[in-house]
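Asks: Need a 3D model of the following:
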Amino acid sequence: MGDFGVQLMSEMLITAAWICAPILGVCLVIGLIVSVLQVVTQIQEMTLTFVPKIIGAVAVMIMFSGWMLSRWQGFAVDVIGRIAQL
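Replies: Predicted coordinates:
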C-alpha cells in the first residue's frame, strides 16, 4: 500500500509538470523578452510584463488544451483502473 502511494504521488507530480510546462515555458520566454525590452528602453512599467504573460498563457492554454486534457484524462483513467487492483 505504501509503495502505491509513493508511485501515485510521483506520477501525479510528473503529469502536473508536463501539463504546466508549455504555459510556464511561454511565460518565461515572454518575460525574458519584455525584460530585455525594458532594459533597452528604460521603461519600468509593471503592467508591461504582466499583460503579455497573461495573453501568452491564455493563447497556450487554447492551443494545447486538447493535449493537456488528454494527458490529464489518461492519468485519471490510470488511477481509477488501479483502484480495482487494491
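
Asks: Quickly find the element holding the spatially most central residue of the chain.
Replies: Residue closest to the average C-alpha location in the chain (Cα atoms, centre = their mean): residue 20, at 1.1 Å. Residue 20 is part of helix 2-41, with elements assigned from DSSP states H and E.

Asks: what helices or strands is the helix or strand following that helix leaning on?
Replies: Helices and strands here follow DSSP H and E; after helix 2-41, the next one along the chain is helix 47-83. Packed against helix 47-83 by the contact rule (3 or more Cβ pairs under 8 Å, 6 or more residues apart in numbering; DSSP states H and E) you find helix 2-41. C-beta here means a position set from N, CA and C on the backbone, and glycine is covered the same way.

Asks: and the angle from the helix it packs on to helix 47-83?
Replies: 170 degrees (axes from the mean of the first three to the mean of the last three Cα atoms, to 10 degrees).

Asks: picking up where we left off before, tell me the confidence at the residue nearest to the centre of the chain?
Replies: What the model reports for residue 20 is a pLDDT of 95.

Asks: That one and residue 4, how far apart?
Replies: Distance, residue 20 to residue 4, by Cβ to Cβ, to the nearest Å: 24 Å.

Asks: and the residue nearest to the centre of the chain, how far is that from residue 80?
Replies: For residue 20 relative to residue 80 (Cβ to Cβ), the value is 22 Å.

Asks: again with residue 31
Replies: Residue 31 is 38 Å from residue 80, by Cβ to Cβ.

Asks: of these two, who's got more company?
Replies: Using other Cβ atoms under 10 Å as the criterion, residue 31 and residue 80 rank with residue 31 on top: 15 against 9.

Asks: I'd say that one and residue 49 touch.
Replies: Yes. Taking Cβ atoms under 8 Å as the definition, residue 31 is a contact partner of residue 49 at 6.2 Å.

Asks: Identify the contacts common to the two.
Replies: By Cβ atoms under 8 Å, 6 or more residues apart in numbering, residue 31 and residue 49 have no common neighbours.

Asks: what helices or strands is the helix holding residue 20 leaning on?
Replies: helix 47-83.
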